[in-house]
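Asks: coordinates only, sequence not included:
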């Protein structure tokens, strides 16, 4: 929170921390307002908000006293007072870590904005004739759905590094950022601005081990990550998949999770059983022993075990003819291995 206050140009005391929270929170009012509903124009009139047209230039009239010059007026407003911006003059944040937005949640927020207006201003920086969004994309999207043409915003002049950092912190404080979006956001900060894991951990208020564990999730293939999001699976599901090096096997596990509705514990057990079975199969030179292994009812696990062994043997230079046919309820597997003896 203190990092966020620093980026916003506020002193890091408790009073200003409350200001920061108000800047980044969405416009979701209480169920029973104490006063009458407040509309967008009420807010503008009460705060003396200056409306900027699409090209970003202040109008020649209707400006507050002492604001006749466009540049000083903008500088004054950027100290913390909100201005009104035309929605079409606002462009997305290039460092936005959030990639997905819940449609139902946006509709609810749009309904609230239709009735009460955008209570909490967005945060933006000026870039030529447009304004680049720093924080508040949900509010902006919901305002568009509500049919608004302009929104209140606080203008801050931030460098790219500060902007990316602020966008990440603002999303982390909401606690609904998807764990993969979080990991990608951390990776973006490290790659673009040369943060170390330790420095990044301090900046976003996390442990270094948390950063490291999040980044490890990016070792998963993008298709696997997409499946995790699509199936609404948890971070523990993702971590369990990291135990498998074979992407095809990861896909098979995800298929089983989807078809059987496996929870995290059951998924971990399935993966452990596969690893144990794979380990036993690879000990080809060991004497046969009676071994108690976990029962795996999914035949695909065994088929993939055989496929992995065949692949490993081919890598070792062995000549193998391998065929797999599906015959009704059965899978016919034939294998011929060339005898290396002359």
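Replies: Happy to help now that I have it. This one's a predicted model, so the numbers in the text were calculated from it and none came from an experiment.
Asks: I figured residue 313 hits residue 321, correct?
Replies: No: the criterion here is CB atoms under 8 Å, and residue 313 misses it with residue 321 at 11.6 Å. To be clear about C-beta, it is placed using only N, CA and C from the backbone, and glycine gets the same treatment.
Asks: between these two, who's got more neighbours?
Replies: More crowded of residue 313 and residue 321, by other CB atoms under 10 Å: residue 313, with 16 against 10.
Asks: so how far is residue 337 from that one?
Replies: 8 Å (CB to CB, to the nearest Å).
Asks: Mutual contacts of the two, please.
Replies: By CB atoms under 8 Å, 6 or more residues apart in numbering, residue 313 and residue 337 have these common neighbours: residue 320.
Asks: and the longest helix for this protein?
Replies: Longest helix in the chain by number of residues, with DSSP state H as the criterion: helix 264-282.
Asks: Would you mark the buried spots in that one?
Replies: Residues of helix 264-282 classed as buried: 267, 268, 270, 271, 273, 274, 277, 278 (neighbour count, 16 or more other CB atoms under 10 Å).
Asks: if we look at it, which residues are touching it?
Replies: Residues contacting helix 264-282 (CB under 8 Å, 6+ apart): 234, 236-237, 240-241, 243-244, 249, 253, 256-257, 260, 262, 291, 293-294, 296, 298, 301-302, 304-305, 308-309, 312.
Asks: Quick one, which of the residues you listed are buried?
Replies: Buried among those (16+ other CB under 10 Å): 237, 240-241, 244, 249, 253, 256-257, 262, 296, 298, 301, 304-305, 308-309.
Asks: nearest to residue 219, of those residues?
Replies: Relative to residue 219, the closest of those is residue 241; by CB to CB it sits at 9.7 Å.
Asks: Need the per-residue pLDDT for residue 218.
Replies: pLDDT recorded at residue 218 is 94.
Asks: Among the buried ones among the contacts of helix 264-282, which pair sits farthest apart?
Replies: Maximum pairwise distance in these, criterion CB to CB, is 26.5 Å, between 237 and 309.
Asks: Return the distance of the nearest residue to residue 234 once chain neighbours are set aside relative to residue 99.
Replies: Spatial nearest neighbour of residue 234, excluding adjacent residues (CB to CB, 6 or more residues apart in numbering): residue 264 at 6.1 Å. Counting by CB to CB, the separation of residue 264 from residue 99 is 24 Å.
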